[in-house]
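Colleague: no FASTA, just this:
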């Protein structure tokens, strides 16, 4: 195992998760604001995740070639569901009483969405982000099949030559990476959850 492989894997995870947040959160907000279109959006992201990630990567490789870009786009598509759904669920879970209070204070629709609904929904959104990061660590392993590199290269090589040490090292590194992201985002989630409870009280 080399640090280059680890950095390639972290690169795929961080870039893909950053992109999926930038795409998924607005999609979740749009799905909340436009329920009819939202049902279509949620159905589409549901369907995307039912397609095996290797199949998605194979199709995209025909368009973008064998490189890290193909791997990142594939991971982004695969991770849309938890971000979009949790954003939508979080916004829908905001108490109607708080919405009415915001209206009574003279807030318009956009102000209410930004200052009240999004703030209260943020713990749900953060949970979706947490799920996405942890999932991305595992899914990025398949990036090696489309030229993305990362720790998948080590696991594939270990399996091919039946080298238990390589497989173990790769697996343990992935576990450490997953635990790190899960702990970091779980800590942030608890902080936001506590703030959320104070606001509701």
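Modeller: Good, I have the coordinates. Source: prediction; values computed, not measured.

Colleague: quick one, helices of the chain?
Modeller: Here the chain has its helices, by DSSP state H, at 3-33, 35-50, 53-64, 68-92, 96-104, 109-112, 118-139, 152-160, 164-200.

Colleague: Now the spatially most central residue of the chain. Nearest residue, chain neighbours left out?
Modeller: Most central in the chain under C-alpha atoms, centre = their mean is residue 132, positioned 2.7 Å from the mean C-alpha point. Closest residue to residue 132 apart from its sequence neighbours, by C-beta to C-beta, 6 or more residues apart in numbering: residue 79 at 4.5 Å. C-betas here are computed from N, CA, C, even on glycine.

Colleague: Would you agree the one you found is in contact with residue 15?
Modeller: No - under the criterion of C-beta atoms under 8 Å, residue 79 makes no contact with residue 15, lying 11.7 Å away.

Colleague: Between these two, point out the one with more neighbours.
Modeller: More crowded of residue 79 and residue 15, by other C-beta atoms under 10 Å: residue 79, with 29 against 17.

Colleague: where does this protein have low pLDDT?
Modeller: 1, 192-201 (pLDDT under 70).

Colleague: looking at it, which residue ends up farthest from its center?
Modeller: Quick read of the chain (C-alpha atoms, centre = their mean): farthest out is residue 104, 35.5 Å.

Colleague: so how far is residue 59 from it?
Modeller: 51 Å (C-beta to C-beta, to the nearest Å).

Colleague: how about the residue nearest to residue 132, what does it touch?
Modeller: Residue 79 makes contacts with 16-17, 20, 24, 132, 135-136, 139, as judged by C-beta atoms under 8 Å, 6 or more residues apart in numbering.

Colleague: what's the farthest-apart pair in those residues?
Modeller: Using C-beta to C-beta, these span at most 14.9 Å, a distance reached by 24 and 139.

Colleague: Pick out whichever of these two has more residues nearby.
Modeller: residue 24 (27 against 22).

Colleague: Would you enumerate the residues in contact with the more buried one?
Modeller: 79-80, 83-84, 87, 128, 132.

Colleague: what about 7 Å?
Modeller: 80, 83-84, 87 (C-beta atoms under 7 Å, 6 or more residues apart in numbering).
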